[in-house]
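Chemist: please work out how this folds:
(one chain, ligands or ions: 2)
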Amino acid sequence: MIDLVIFGATGDLAARKLFPAIYELEAAGYLPEELRIVGVGRKPWSEHEFDKSVREALAEFQKNLEADVVERFIRRTTYRQMDFSPESFEALAKDSAPSSIFYLSLPPDAFPVVGTGLGEAGLAREKGNHFRRLVIEKPFGHDLQSALELQATLTKHWDESQILRIDHFLGKETVQNILVFRFANSWLEPLWNAQHIAQVQITAAESIGIEGRGAFYDKVGAVRDMMQNHMMQLLTLSALEPPPRLEADLLRNEKNKVLRSARPLSSGDIVRGQYTGYLEEAGVKSSNTETFAALRLYLDNWRWKGVPFYLRTGKSMSKKRTTIAVQFREPPTQLFTDTHCDPGSSWVVLELQPNESLHLEMQVKTPGLQFGSRPVVLSTPYSNGDAHELSAYATLILDALEGDASLFIRFDEVEWAWRLIEPVLGANQPVELYSVGSDGPAGQHYLMEDLHRWRSL
Ligand SMILES: NC(=O)C1=CN([C@@H]2O[C@H](COP(=O)(O)OP(=O)(O)OC[C@H]3O[C@@H](n4cnc5c(N)ncnc54)[C@H](OP(=O)(O)O)[C@@H]3O)[C@@H](O)[C@H]2O)C=CC1
Ligand SMILES: O=C1O[C@H](COP(=O)(O)O)[C@@H](O)[C@H](O)[C@H]1O
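Modeler: Ligands and ions are numbered 1, 2, ... in the order given. Purely as a prediction, here's the structure:
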């Protein structure tokens with residue numbers, strides 16, 4: 001028997017992402033026969049009420065449900081009410097399978113309580129071939145100090161190798177494709193450095209606002225919600241050195257080196273924005289929390305010295321689009337007249353969402369007598385239409401079951417991301433207003449070096 005114990009099973013993330021992801025794994029036949037799913041909550045729900053909530057979540061958040069798969073899934077589930085007292089953890093320990101995964105889908109304040117409660121009840125101990133793993137949602141800490149404290153608390157009972165910190169961007173196929181694109185194409189790698197690359201723009205724009213999460217978001221803002229975690233992951237995967245092998249720690253070593261090579265940031269490297277109308281959202285106090293952030297940073301290492309990395313993320317923007325756009329340097333001399341605006345400009349654009357695809361923007365001859373150049377785009381979709389592509393959460397839950405930590409964040413990555421970001425967390429820096437449905441505040445353009453411009457979304 002293996003237990004997947006979901007703390008916070010009555011909550012939003014469980015309904016929206018975790019149950020649909022487990023359903024996907026069930027439908028694809030990836031779940032071990034002996035897996036039991038234990039939903040934990042403080043609410044005094046009966047089994048029937050929990051089943052009903054799982055069915056409703058699947059109906060709302062999972063397309064193409066098959067009745068027999070739903071029934072197989074429901075047969076695995078059971079609900080457990082806990083008050084997080086020592087006695088409730090001891091009772092859990094009596095009923096737990098020798099191999100268990102504890103998924104903390106809880107508000108961050110509850111991470112130390114539950115991590116410690118499990119540890120004190122002996123549920124972090126592994127015996128023989130059995131495993132005990134702790135999956136933790138983001139955010140891991142609110143700043144560097146709180147992240148260090150949380151880590152110190154958890155590692156009283158849990159070994160770092162047992163802790164799987166979720167960043168759901170790493171579960172996205174197109175994010176993993178960054179590595180394949182870079183390291184499976186030998187023509188590309190010799191060009192992927194400061195000698196040939198002029199700038200890198202990483203954008204994660206969302207068209208949605210804060211969607212009723214005002215009370216949470218207002219204390220967090222875009223830098224903590226997106227920049228410190230998801231955007232840093234996109235940066236490290238774009239910039240890292242090839243690991244000698246695709247093993248969790250070798251990969252994570254390289255990601256950490258990228259973070260450690262970043263030049264310290266100061267207030268001149270960030271522009272913070274807030275969409276108009278944010279202050280009227282439910283749960284928002286009269287605050288200057290940023291709903292948009294743009295950063296300029298440099299990696300002072302052999303490969304990237306002098307290349308600006310521009311990162312931006314925001315809510316209520318003109319569209320949902322996540323891209324990594326890499327501009328190659330212009331040829332040393334211009335042989336051709338250019339009737340268009342950007343002479344000799346070549347870009348590689350990895351579009352991570354919503355249209356998972358790859359674009360090469362290149363120059364070709366202008367048809368006709370004139371010897372000029374004009375841009376063309378070679379595009380290919382990422383997907384080959386395979387129905388077995390898993391959602392991000394399904395991939396990560398499967399990896400957690402299989403004990404593959406490659407797509408989870410190691411603590412030193414969290415720590416160095418906080419070290420990098422902390423100087424620009426500054427809540428007392430002003431926010432610049434931008435209109436809902438725009439590409440963000442005008443001030444973002446002041447971050448750019450001469451001749452660089454943000455690409456339009
Ligand atoms: N929702 C989302 O889209 C995303 C969420 N996350 C992260 O996932 C985690 C869960 O998020 P979400 O589901 O939205 O959170 P919720 O606020 O919905 O909380 C989840 C559940 O936790 C229980 N809970 C609430 N407060 C406490 C507490 N103080 N102590 C113990 N249990 C508590 C509640 O269940 P009960 O009352 O039954 O105990 C609740 O149903 C968070 O860390 C969040 O940052 C990350 C990315 C996206
Ligand atoms: O973690 C988070 O991510 C989502 C964006 O994720 P995506 O997969 O939809 O791109 C963001 O909306 C949310 O604020 C943040 O907490």
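Chemist: got the phi and psi for the closest residue to ligand 1 within the stretch 151-300 of the chain?
Modeler: Across the stretch 151-300 of the chain, the shortest distance to ligand 1 (C-beta to the nearest ligand atom) belongs to residue 168, at 6.5 Å. C-beta coordinates here come from the backbone N, C-alpha and C atoms, glycine included. Residue 168 adopts backbone torsions of phi -60, psi -20, taken as degrees, to the nearest 10.
Chemist: quick check, residue 107 in a strand?
Modeler: No: under DSSP: H, G, I helix; E, B strand; the rest coil, residue 107 falls outside any strand and is assigned coil.
Chemist: what's in contact with stretch 110-124?
Modeler: 7-8, 84, 86, 88-90, 92-93, 96, 100, 102, 104, 106, 132, 134, 136, 140, 150, 153-154, 156-158, 162 (C-beta atoms under 8 Å, 6 or more residues apart in numbering).
Chemist: would you list the strands that the host helix or strand of residue 203 pairs with, along with their directions?
Modeler: According to DSSP states H and E, residue 203 maps onto strand 197-205. Paired with strand 197-205 in the same sheet, following DSSP bridges, are strand 308-314 (parallel), strand 321-328 (antiparallel).
Chemist: deepest-packed of those, please.
Modeler: strand 308-314 (a mean of 24; mean count of other C-beta atoms under 10 Å).
Chemist: that strand - what's its average pLDDT?
Modeler: Average pLDDT, strand 308-314: 98.
Chemist: cool, and stretch 96-113?
Modeler: 97.
Chemist: any residues of the stretch 151-300 of the chain in contact with ligand 2? List them.
Modeler: Residues of the stretch 151-300 of the chain that fall close to ligand 2, judged by C-beta under 6 Å from any ligand atom: 206, 225, 226.
Chemist: number of residues surrounding residue 224?
Modeler: Neighbour count of residue 224, defined by other C-beta atoms under 10 Å: 22.
Chemist: can you pull out the strands in the stretch 101-250 of the chain?
Modeler: Using DSSP state E, counting those that start in this stretch, the strands assigned to the stretch 101-250 of the chain run over residues 132-136, 163-165, 197-205.
Chemist: how many neighbours does the closest residue to the residue of the stretch 151-300 of the chain closest to ligand 1 other than its chain neighbours have?
Modeler: For residue 168, ignoring the flanking residues on the chain, the nearest one in space by C-beta to C-beta, 6 or more residues apart in numbering is residue 392 at 4.6 Å. Neighbourhood size, residue 392 [other C-beta under 10 Å]: 21.
Chemist: can you pull the contacts of residue 392?
Modeler: 168, 169, 170, 171, 172.
Chemist: got a pLDDT number for residue 365?
Modeler: pLDDT at residue 365 comes out at 88.
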